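J.: Below: sequence and its predicted model.
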Amino acid sequence: MRNEMMTVAKNQEIAANTYELTLSGALVNDISKAGTFLHIEVPGGDLVLRRPISIASVDPVAGTCTLVYKEMGEGTKRLARCRPGDLLAVLGPLGNTGFPVESPQAEDHVLLIGGGVGVPPLYYAAYELAKRKVTFTVILGFQTKAAVFYEEQFRYLPGSEVQIMTDDGSYGGQGTVIDALKTRTDRPAWLFSCGPRGMLRALEIVSAQPGTKGYVSLEERMGCGVGACLACVCETADRSSYRKICQDGPVFAFKEVLL
Amino acid sequence: MRNEMMTVAKNQEIAANTYELTLSGALVNDISKAGTFLHIEVPGGDLVLRRPISIASVDPVAGTCTLVYKEMGEGTKRLARCRPGDLLAVLGPLGNTGFPVESPQAEDHVLLIGGGVGVPPLYYAAYELAKRKVTFTVILGFQTKAAVFYEEQFRYLPGSEVQIMTDDGSYGGQGTVIDALKTRTDRPAWLFSCGPRGMLRALEIVSAQPGTKGYVSLEERMGCGVGACLACVCETADRSSYRKICQDGPVFAFKEVLL
Amino acid sequence: MIDPRLQVKLPGLTMKNPVMPASGCFAFGREYAQFYDLSELGAVAIKGTTSGLRSGNATPRVAETPSGMLNAIGLQNPGAEAVRDAELPFLANYDVPVLANVSGSTPEEYEEVIRTLTDVENVGAFELNISCPNVKEGGIQFGTDPEAAAELTAAVKRITSKPVYVKLSPNVTDVTAIALAVESAGADGLSLINTLLGMRMDWQTGKPVLANEKGGLSGPAVKPVALRMIYDVRQVTRLPIIGMGGIQTAEDVIEFMIAGADAIAVGTANFSNPFACPSIIQELSKWLERLDIEHIGDIRQQGETV
Amino acid sequence: MIDPRLQVKLPGLTMKNPVMPASGCFAFGREYAQFYDLSELGAVAIKGTTSGLRSGNATPRVAETPSGMLNAIGLQNPGAEAVRDAELPFLANYDVPVLANVSGSTPEEYEEVIRTLTDVENVGAFELNISCPNVKEGGIQFGTDPEAAAELTAAVKRITSKPVYVKLSPNVTDVTAIALAVESAGADGLSLINTLLGMRMDWQTGKPVLANEKGGLSGPAVKPVALRMIYDVRQVTRLPIIGMGGIQTAEDVIEFMIAGADAIAVGTANFSNPFACPSIIQELSKWLERLDIEHIGDIRQQGETV
Ligand SMILES: Cc1cc2nc3c(=O)[nH]c(=O)nc-3n(C[C@H](O)[C@H](O)[C@H](O)COP(=O)(O)OP(=O)(O)OC[C@H]3O[C@@H](n4cnc5c(N)ncnc54)[C@H](O)[C@@H]3O)c2cc1C
Ligand SMILES: Cc1cc2nc3c(=O)[nH]c(=O)nc-3n(C[C@H](O)[C@H](O)[C@H](O)COP(=O)(O)OP(=O)(O)OC[C@H]3O[C@@H](n4cnc5c(N)ncnc54)[C@H](O)[C@@H]3O)c2cc1C
Ligand SMILES: Cc1cc2nc3c(=O)[nH]c(=O)nc-3n(C[C@H](O)[C@H](O)[C@H](O)COP(=O)(O)O)c2cc1C
Ligand SMILES: Cc1cc2nc3c(=O)[nH]c(=O)nc-3n(C[C@H](O)[C@H](O)[C@H](O)COP(=O)(O)O)c2cc1C
Ligand code: FES
Ligand code: FES
C-alpha cells in the first residue's frame, strides 16, 4: 500500500459514460489481488473524499494498471476530464481480500456475475482464472446496448463463456443477470459477483445452495479507505458485528456478511 | 462588459513568480480604457471569489489582451499552472474609469509611477500616451533585479524615459520610486500611479502641488467586481462618502479619495 | 419565457419561479440588470436597509475561505428614504416583486424603515434581518433570543399589512425555537440561513484578515448547515420557507426543496457567476423534465412532514 | 528528527510538536502506522470510547459536501475494556502520548470509561466528547448546556488525576459560556471544534443521503467557524486550547495558533492524505525558518489577549 502521484497514460470513453483509465507508477508492483481497489484523489480541492475504484487489470511489464469507471457525479466527471500526462494522487492497492482465484481446481466451474460498474473487478478475476486454466462462465448485465463494455475482452480469455444481458433487451438477452441465472441448470462450484446491492441480494437467494462457494465484492461510501474512519462497514451475517469493507474486504463470502 | 470563457493563448513566467497571460476572446473588443481590469474565475471549485487583474495591453488585431500577474496565493498559483488552450471564465472589462490618457496635451509631460504588480496598467496607459505622441517618464520600483519586468517594453515606446529602482539596489537605482522622485526637479503636469498603498500615500505627499493632476489606480479585496456587494469601497477625501473601486474606479484623482 | 411548472406563490410574492437573489448580494438590482432582464427572476431581495444612511465597516470587508467567503460589509446602505426614492423605482421598471430586507439596531429603527417602505407598490413583503453578524447592533441580539425575536416580529406586524418574513441566524443552539417564537408572533414566512460567524487570520501580519475581525460565512461551504436547519424548521412549522446558503446550481435548489424550502435565494454565487440566477432557472426547467415532475412544488412534499 | 522549536507542553501531554490526529479520524493508530512512525506525532487522540461496545449507525455513514464531509459513524468502538486491553498497548509501542476521547450517554458512562482507562500509562489526558452530534445520547446535551457540561466535568475530575480536556460543540449560540462553565468546573484544557450539524439530500431518492439523516460537518469548509470560536474562547480564558476544524496544511496550523490554539488536531485531512500529519509537521519547521520564529509558541502570543 502506498500513496503515489500516478501518471495518466490513457483515459478514454469505452461505453456510454464509461471510461477506461490506465495509470502508471510504482504502486502497480504492489497489486496482486483481483477485487482490490485504488482510492483516487479527484483534482480540484473542493472534493475532500477520494473515490474508490476497483482494479480491472494489471500489466506488470508495462508498469500500468487499468480501471473502468462510470461518470456518476462530480468526482467521476472530473476524472473523465483527465488527460494523458496528468498526475493523480492514488492510494492503494486497498483491501485485504480479493476473489479467491487461486482456490478453484482445474475441473471446477466458476461463475462470474457482474452488473454495470461491478464488471471491472470480475475482469481481473477472470484473467487470473484463465491464467490458471480454470474454465468459467461470465454473465454481465447492463442497462442498454450503449452501456456494454469489456465483452470482447472477456471472450478473448481462454476458457470463458460469456453471456450479456440488457435491461431493455437492446443487446444480448433481455432481462437481468438473475433472469439469465434462473435459466441455467448447472450449478457452479464457485460464484464471484459484484454489482448493485439489489442484484447481489437476489443472487444470494438464487445461488444459495450447499455446493456453491459464493463471493461478493461490496461497495459502500468511504472516508479513509484504510480502516480508520469506520464509514464503510457492513454487518456480519449473524448480526453480531461489523466488517470494514475497505480493510476486511472488499470481497466477502456470501455467508459472512448481511447484504 | 461580458462574462466569457476566454482561451489562454500564452502564459509564461517573465520575472520571478511573475507571469504574462495572453487571453483571446470577444471580450477583447470591449476593452478601451487603460486601468480597467478583468475578473477571473480560478479553476478548481473551492475558490469562490474571482481574481481582479489589470489589463496590461490589448491587441485588437489579434483579438487578444495581455495581463501580468504575480503568484501570491492559491488563486494566482493556479492561474500560473494554466496552459495554452485552457479556458478561463472572465468577467470584464470592469471599472468605469481609466487613466485619462486622452487629456494630456502634446506639450504636457506625464509621469508614470508604478510599483511591483502596479506596473501592468501603467504599461497600457503608456502605450496610449505614446500613440498620442505625448512624452512621458516612467519610474518603476521592484524588490530586486529578478522581479523586474516590462523595462524593455516601456523603453520601446516612443517618447518614453524609463527609470528602474530596486529596493536592494541589485538593478537600476537603489531605493524606492519615492527616492527617485525626490531627486527630480521637474514637475509633471500629470501623474499616473499604481502600486502598494504605502507607495501611493507617500506619492500623494511628495507630488501634492497645484500644477500636477495626479491619478491613482486602487486595489481592494473584491467580491462581485461589478458594484453590487460593497466589498471594495474606499472613502472619499472629505470622508463624506464611499467610492466603489470596482465600479466607480479603479482609477481616481488623488484628491477624490482617502488613501 | 415563463415555465408555469416553476411558478410559486408565497405570501406577498407571486413568483414566476422559486429563485431570487439573496439580500446583500445584488444591491438594488442595477448592476445585474446590465447582464439580464430582472423580470426573469422570481423576486428580488434588496440590500439590508436601515433608517438612515450607513457607511459600513472599514476594509478589507471580504475574505476567502474554502468553498466560501467571509463578509463584513457592515450594512452599508443609503437609508430607507433613499431606497424608496431612488432604488425601488428602478426595480419597478421590471415585472418582479421585491422582498425588502430590513435591518436595525432597535425595534424602533426596524419600524421606521418599514413605515417608510410599506406603501411602495413593488415591495411585496418584508424580510426582517435579525441576524446580521457584522455590525454590533445589526439585530443579532434579536436573532439569538426567541423572546426578542418574537417581540420585534409582533411590533412590525402591527405597522404593516404586508407579509413579514423573518430571516433566521444559524449561530444558535436551537433554530426551531426562534422559528416557533416568530411564528406565534405572526411571522408570515421564514428565511434561512443568514451567514455563519467566521474568521480568517493572516499569517503574515498575525492579525485577522477582515478589518472587522469577524465576518459572515456564506457560499457552498455552509450548504449542509443550511439544509439541516431548513429540515429541522420544516419539522415544526408549515410557514413558507425561503431557503438559502451556498446554492449554486439547480441540483442545489432541488436539495433545498426536498429539505423543505418553498423558494430559494442565491447569494454568493452571483459573485462567481453574474448569470447564476437565470441559469439556475433555466436548468430547473430541464430538471423537471428529466425527473418527470409536473410542478416544482411536488419536489418539496417529500420534505414536508408537518 | 525532532525540531525543538516545535515542542509544546500541555497538561498531561508533552508533545514533540503541536500536531495530533483528531479523534475518530485515526481509529487507534494501527492503520496509519503502516504509513509512518507514530512517534513522529505530537500526540494521538483515539476514537471516542464508550463503556461497552457500540456498533454505530446504519450506512451510508459519510457524505461529501463542498470542501467538507458529513459523518454519522455513531461512535462505533469496541468499548473501554477492549480499548485498554487491545488498542492502547499497541500505541504504547510508540513514543507518543495518548489523548483518550471519552463519550457516553450518561455521566455514569463517562465515569466508567475514565475509571477503566485512567491507570493506563500511555494515556496522558482525557478529552470529554460532549458534542457528538451523531448519536441520540452522544453527549450533545452536555455540549449545549453550560450547567450540564460543568457538572459532567466536575464529576469526572473527581475520579481521575489525569488532566481533562473538554471538547466543545460548535452548534451553540455562545461557545464562551460553555468554555467558562467547564473551566470553573476544573477542566484542564479545551478542544474545539467538534463537527457542525449538517445534512445532504439525494435528489434521486428525495431522502437524506445519510442513513442517520443528519451528520457532523468537518473539513476545510468549517475552518473559518473553528477559527472564530477559538478566537472568542481565547478572549475569555487562559486554558490550553487544542484547535481543530479543517486543518490541512502548516499555514492552517499557523492561522489556528494566531487565533489562540496551543496545539492542533488534524481530522478529515487524514482521509484525503494519509501523510497529512507528518507532512504538516515537516512544513511547520520550514515555516518557522521562513518567518524567522524561534519557537512555535511565539506565533500564538498574537492571539493571546487575556
Ligand atoms: C470498493 C469499491 C470499488 C468500486 N469500483 C468501481 C469501479 O470499478 N468502477 C466504477 O465505476 N465505480 C466503482 N465504485 C463506485 C465508485 O466509487 C463511485 O461511483 C464513485 O465514487 C462516485 O463518485 P462521484 O464523485 O462520481 O459521485 P458523487 O455522488 O458525487 O460522490 C459523492 C460521494 O459519494 C461516494 N459514492 C457515490 N457513489 C458511490 C458508490 N457506488 N460506492 C462508493 N461510494 C460512492 C463518492 O465516493 C463520494 O464520496 C466502487 C466503489 C467501491 C466502494
Ligand atoms: C483592480 C485590481 C487590479 C489588479 N491588478 C493586478 C495586476 O495587474 N497584477 C497582479 O499581479 N495583481 C493585481 N491585482 C492584485 C490581485 O488581484 C491579487 O494579487 C490576487 O487577487 C491575489 O490572489 P491569490 O489567490 O493569489 O491570493 P490570496 O491571498 O489567496 O487571495 C485571497 C483573496 O484575497 C484577494 N486578494 C489578495 N490580495 C489582493 C490584492 N492585492 N488586491 C485585491 N484582492 C486581493 C484575492 O482576490 C482573493 O479573493 C489587482 C487587484 C485589483 C483590485
Ligand atoms: C456580501 C454579502 C452581503 C450580505 N448582506 C446581507 C444583508 O444586507 N441582509 C441580509 O439579510 N443578509 C445579507 N447577506 C446574507 C445573504 O443574504 C445570505 O443569507 C447568505 O449569504 C447565504 O447565502 P449564500 O451562501 O448563497 O451567499 C449578505 C451576504 C453577503 C455574502
Ligand atoms: C469520521 C469522523 C469521526 C469522528 N469521530 C469523533 C469521535 O469519536 N470523537 C470526537 O470527539 N470527535 C470525533 N470527530 C470529530 C473530529 O475529531 C474533529 O473534531 C472534527 O472532524 C473537525 O476536525 P477536521 O475538520 O480536521 O476533521 C470525528 C470526525 C470524523 C470526520
Ligand atoms: S473507509 Fe474508512 S474504515 Fe473503510
Ligand atoms: S467588488 Fe462588489 S462592489 Fe466592488
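T.: Thanks, I have the structure now. Ligands and ions are numbered 1, 2, ... in the order given.
J.: show me the contacts for the residue of the stretch 151-259 of chain A found nearest ligand 2.
T.: As assessed by Cβ to the nearest ligand atom, ligand 2 sits closest to A:Gly223 within the stretch 151-259 of chain A, at 27.7 Å. For the C-beta atoms, the positions are set from N, CA and C on the backbone; glycine is no exception. Neighbouring residues of A:Gly223 by Cβ atoms under 8 Å, 6 or more residues apart in numbering or on different chains: A:Leu49, A:Cys229, A:Ala231, A:Cys232, D:Val62, D:Met69, D:Asn71, D:Phe271.
J.: farthest pair in those residues?
T.: For the contacts of A:Gly223, with distances taken as Cβ to Cβ, the pair at the greatest spread is A:Cys232 and D:Met69 (13.2 Å).
J.: hang on, the earlier thing: inside strands: which ones of the contacts of A:Gly223?
T.: Per DSSP state E, strands hold the following members of these: D:Val62, D:Met69, D:Asn71.
J.: Near chain D, which residues of chain A are found?
T.: Residues of chain A lying close to chain D by Cβ under 8 Å from any Cβ of the partner chain are A:1, A:3, A:41, A:45-50, A:75, A:89, A:91, A:220-234, A:241-242, A:247.
J.: before we move on, back to that, looking at the contacts of A:Gly223, which is nearest ligand 1?
T.: Of all those, the one with the least separation from ligand 1 (Cβ to the nearest ligand atom) is A:Leu49, at 3.9 Å.
J.: For that closest one, give me its contacts.
T.: A:Gly75, A:Met222, A:Gly223, D:Val62, D:Glu64, D:Met69, D:Phe271, D:Ser272.
J.: Give the next helix or strand downstream of the longest strand seen in chain A.
T.: Secondary structure assigned by DSSP E gives strand A:2-15 as the longest strand of chain A. Per DSSP states H and E, strand A:2-15 leads on to strand A:18-24 as the next helix or strand towards the C-terminus.
J.: filter the contacts of A:Gly223 by proximity to ligand 1?
T.: Among these, the residues within reach of ligand 1 (Cβ under 6 Å from any ligand atom) are A:Leu49.
J.: which residue does chain C bring closest to ligand 3?
T.: Closest residue of chain C to ligand 3, Cβ to the nearest ligand atom: C:Gly24 (1.8 Å).
J.: give me every residue that touches the residue in the stretch 201-306 of chain C positioned nearest to ligand 6.
T.: Distances between the stretch 201-306 of chain C and ligand 6 by Cβ to the nearest ligand atom are smallest at C:Phe271, namely 7.2 Å. By Cβ under 8 Å, 6+ apart, the contact set of C:Phe271 is B:Val48, B:Leu49, B:Arg50, B:Gly223, B:Cys224, B:Gly225, B:Cys229, C:Cys25, C:Met69.
J.: What about the residues you listed, which are in helices?
T.: Secondary structure assignment (DSSP state H) places none of those within helices.
J.: In TSV: the residues you listed, plus distance to C:Ala154 and pLDDT.
T.: Formatted as TSV, the contacts of C:Phe271 follow (distance: Cβ to Cβ, whole Å; pLDDT from 0 to 100):
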residue	distance to C:Ala154	pLDDT
B:Val48	38	96
B:Leu49	39	97
B:Arg50	43	98
B:Gly223	35	97
B:Cys224	36	97
B:Gly225	41	97
B:Cys229	33	97
C:Cys25	29	97
C:Met69	34	98
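J.: Quickly check those for the two that are furthest apart.
T.: Applying Cβ to Cβ across the contacts of C:Phe271, the maximum distance is between B:Arg50 and C:Cys25, 14.1 Å.
J.: For A:Ser57, see how far away the closest residue to A:Lys10 other than its chain neighbours is.
T.: In space, and not counting its chain neighbours, A:Lys10 is closest to A:Thr22: 4.1 Å by Cβ to Cβ, 6 or more residues apart in numbering or on different chains. To A:Ser57, A:Thr22 is 9 Å away according to Cβ to Cβ, to the nearest Å.
J.: A:Gly25 too?
T.: Using Cβ to Cβ, A:Gly25 is found at 15 Å from A:Ser57.
J.: One more: C:Met15?
T.: Taking Cβ to Cβ, one finds C:Met15 at 54 Å from A:Ser57.
J.: cool, C:Asp3 as well?
T.: Counting by Cβ to Cβ, the gap from C:Asp3 to A:Ser57 is 48 Å.
J.: who has more neighbours, those two?
T.: More crowded of C:Asp3 and A:Ser57, by other Cβ atoms under 10 Å in any protein chain shown: A:Ser57, with 22 against 16.
J.: Is the residue nearest to A:Lys10 bridged to anything, and to what?
T.: Assessed by DSSP bridges, A:Thr22 has beta-bridge partners A:Lys10, A:Thr66.
J.: Just to check, it is in contact with A:Val58?
T.: No - with contact defined as Cβ atoms under 8 Å, A:Thr22 does not count as touching A:Val58 (10.5 Å).
J.: Mind listing the shared neighbours of these two?
T.: Jointly contacting A:Thr22 and A:Val58 under the rule Cβ under 8 Å, 6+ apart are A:Thr64, A:Cys65, A:Thr66.
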